[in-house]
Every structure is written in C-alpha cells, then in structure tokens.
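1. Just need the structure, nothing else, for what follows:
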Amino acid sequence: MGASWATFNLTIHAYALCILLGILIGLVVTNRRLVGRGVESWLILDIALFAIPLGIVGGRAYHVVTHPADYFAGQDIARVFYVWEGGLAIFGALILGAVGGWIGCRISGLRFTTLLDAIAPGLIIAQAIGRFGNYFNQELFGGPTDLPWGLQIDLLNPAFPLGLPPGTLFHPTFLYEALWNLLGAVIIIWSGRRFTLQWGRNFAVYLVWYGIGRVAIETIRLDPSESFLGVRVNVWGAVAAVALGVAIFFVQGRRHPGFEPSGYRPGYVSASEKGLESGDTYTVGELAGEAESAMSRSGATSPSR
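-> All right, here's what the predicted structure looks like:
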C-alpha cells in the first residue's frame, strides 16, 4: 500500500521516509533551541532514545484502537504491526512520547518544561512533513471538491467512496494540516520570543494551535473512525489538547511568573560544566544576595592594599 521502492531486497516506503525526515528535522530544530537555553549540544539524542520509540508505539496503538475494523474485522491481525502502511495517530504519540521524554529528562537532568518548550516548533514541523506520507499512501482525504487543488484518488483504492464517479477530486486534508502546522511553527516561535514563554507555556501554545486546526480538519475527513456520543474520537482528542494547553498556559503562568533559571534541574549541569558548582538559583533577588554575600566575604578576608 502506498508508494515504495525496492532495492537490494529492501523495500523503502515513501510514508516511512516522510516520518523519518520529519523526525530528523524536528531533532535539529529542538537541538538548536536547547543549545540556545544553555543545554549541552545534542543532549536531545539521549532523550530521543526513549521518546521516539514510545511515541511510535503510542501513535500506532491509538490508531489501531480508533480504527478497529481495519485490523480485527476478519483482517490479518498481523497488520497491526505494519506501520509502513500508515496509521500513526499524533495524540497517542504525544502521550507515550511525553512519557519517554520525561524518562529521558529524569536521567539527563534536563528540566522537563524546558524540553517541552524547545520541542514544540520542531514537533509541529515534523508533523507537517509526516503528513505528506498520507499523500503517498492516498489516505485520510476529505470529501469531494471541485477546487483546483483537489486530490485525485486511484479508483482501486479501498478508501475510494462507493458511488462516486472516476476522476472525482477530494479535499487534500494532509495538505491543509501541513500548511496549518507550518504556520503554527511560526506562531510558536514568535510567541515564545515576543512574550518569553517558558515553564511549558510555549508547548501550551502548540497544543492549542494544533488542537484547533485538527478539530476543523476532522470535520471534512472521510476515513472511518470510532465515535463517542456521535463525535469522532479524534475530535475529542483535539478538544482535550486545547483544554490541556489552556490549563498549562494559565496554571504555569501563575505558578512561575518569572524565567526558568536554567535548562537543567537543580543540582545538574551540562557535561562541559562538570566539576563546577551549580547554584541553580531561582530569583534575581537570590542571585543578588549570593553576589553580595560573596563580596562581603571577599572584603573580610582580603588584605588591605
């Protein structure tokens, strides 16, 4: 299923390439933002060892649960593991990916909120790139349209709606979401710089932005999905993302009105700073007090000149 190339007895799927390219670019963007916060270069790779595998498992599990007929209604159950055919749900990936990121932060000493804020634009860019995998697989398209950018779907595609004539064009929802996500990356970066959003608040902007766009796009998608109270499960997931983002933004804003003192948790320093004392103080007043105390001690012990 989907575009692929066979070489040296190895099949390369376009969908998988889109996912991998998105991950790589997301890592590069995240690393650059973490380094800007004083974090050791490429520490993100240590965290990715936990976050990416768990994210893939979570994304696949969520997709299978919300599309059970594709795998359990007389189908080959082994297809549950055919990730290259498509079917990675972002909400499941976010849930288990966050667990993996938290584990990586506990081991590396990185502050979890620092990771969340740093990863937000890279994550949504990775999602935009990954959406083009849906184009190659000819999946997750919207309803019929006569717009000039309508997507043509192969008549032999099992997802082609019955009763529609050959040549019918469909809304390219993958493209809508990709463009929405790229614009979201700009908004996330701009808002983070303009308002100095830290303590997870920049990630909250990501949750709200993506959730709003996903609700709108879900209303025109044709692929079957489980529903709850007559509403697609993915819509509920998007609404939950918006609600969580709003909660994080305001709760963290009240709990932490100032800046994060460091990208690391108290007591941790980067590898390049090992051996140096880490004060990791939290307020300007505490920093000033430490400096004044140090100057007093220096004045008391230094000989007169």
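2. what about the strands in the stretch 1-150 of the chain?
-> 4-7, 10-13 (DSSP state E, counting those that start in this stretch).
3. any idea which of the ones you listed scores lowest on pLDDT?
-> Among those, strand 4-7 has the lowest mean pLDDT, at a mean of 66.
4. Pull the contacting residues for Thr219.
-> Contacts for Thr219 (CB atoms under 8 Å, 6 or more residues apart in numbering) come out as Val235. Yep, even glycine has a C-beta here, placed from its N, CA and C like the rest.
5. in the chain, which residue is closest to the centre?
-> In the chain, the residue lying closest to the centroid (CA atoms, centre = their mean) is Leu123, at 3.5 Å.
6. can you tell me how far that residue sits from Trp190?
-> 16 Å (CB to CB, to the nearest Å).
7. likewise Gly122?
-> Gly122 is 15 Å from Trp190, by CB to CB.
8. So, low pLDDT: which residues of this structure?
-> Low-confidence segments of the chain, defined by pLDDT under 70: 1-2, 4-9, 270-305.
9. which residues in it form helices?
-> 14-36, 44-66, 69-72, 90-108, 112-137, 173-195, 201-218, 233-255, 284-301 (DSSP state H).
10. taking those together, which one is wrapped up most tightly?
-> Highest mean neighbour count of these: helix 112-137, a mean of 24 (counted as mean count of other CB atoms under 10 Å).
11. That one packs against which elements?
-> Packed against helix 112-137 by the contact rule (3 or more CB pairs under 8 Å, 6 or more residues apart in numbering; DSSP states H and E) you find helix 14-36, helix 90-108, helix 173-195, helix 201-218.
12. Switch those over to a markdown table; also include distance to Ala48.
-> Below are the helices and strands packed on helix 112-137 laid out as a markdown table (distance: least, CB to CB, whole Å):
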| stretch | distance to Ala48 |
| --- | --- |
| helix 14-36 | 6 |
| helix 90-108 | 7 |
| helix 173-195 | 19 |
| helix 201-218 | 17 |
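13. between the helices of the chain, which one is nearest to Phe160?
-> Nearest of those to Phe160, taken as CB to CB: helix 112-137 at 13.2 Å.
14. how about the helices of the chain in TSV, adding distance to Ser225?
-> Converted to TSV, the helices of the chain look like this (distance: least, CB to CB, whole Å):
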stretch	distance to Ser225
helix 14-36	19
helix 44-66	5
helix 69-72	10
helix 90-108	12
helix 112-137	14
helix 173-195	13
helix 201-218	8
helix 233-255	6
helix 284-301	51
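15. Tell me which of those helices lies nearest to Val269.
-> With CB to CB, the closest approach to Val269 among the helices of the chain belongs to helix 90-108: 11.3 Å.
16. Of the helices of the chain, which is nearest Thr145?
-> Closest to Thr145 of the helices of the chain is helix 173-195 (CB to CB; 10.6 Å).
17. what's the angle between the closest one and helix 90-108?
-> Angle of helix 173-195 versus helix 90-108, following axes from the mean of the first three to the mean of the last three CA atoms, to 10 degrees, is 40 degrees.
18. Of all the helices and strands packed on helix 112-137, which one is nearest Asp46?
-> Nearest to Asp46, of the helices and strands packed on helix 112-137 and by CB to CB, is helix 90-108 at 5.3 Å.
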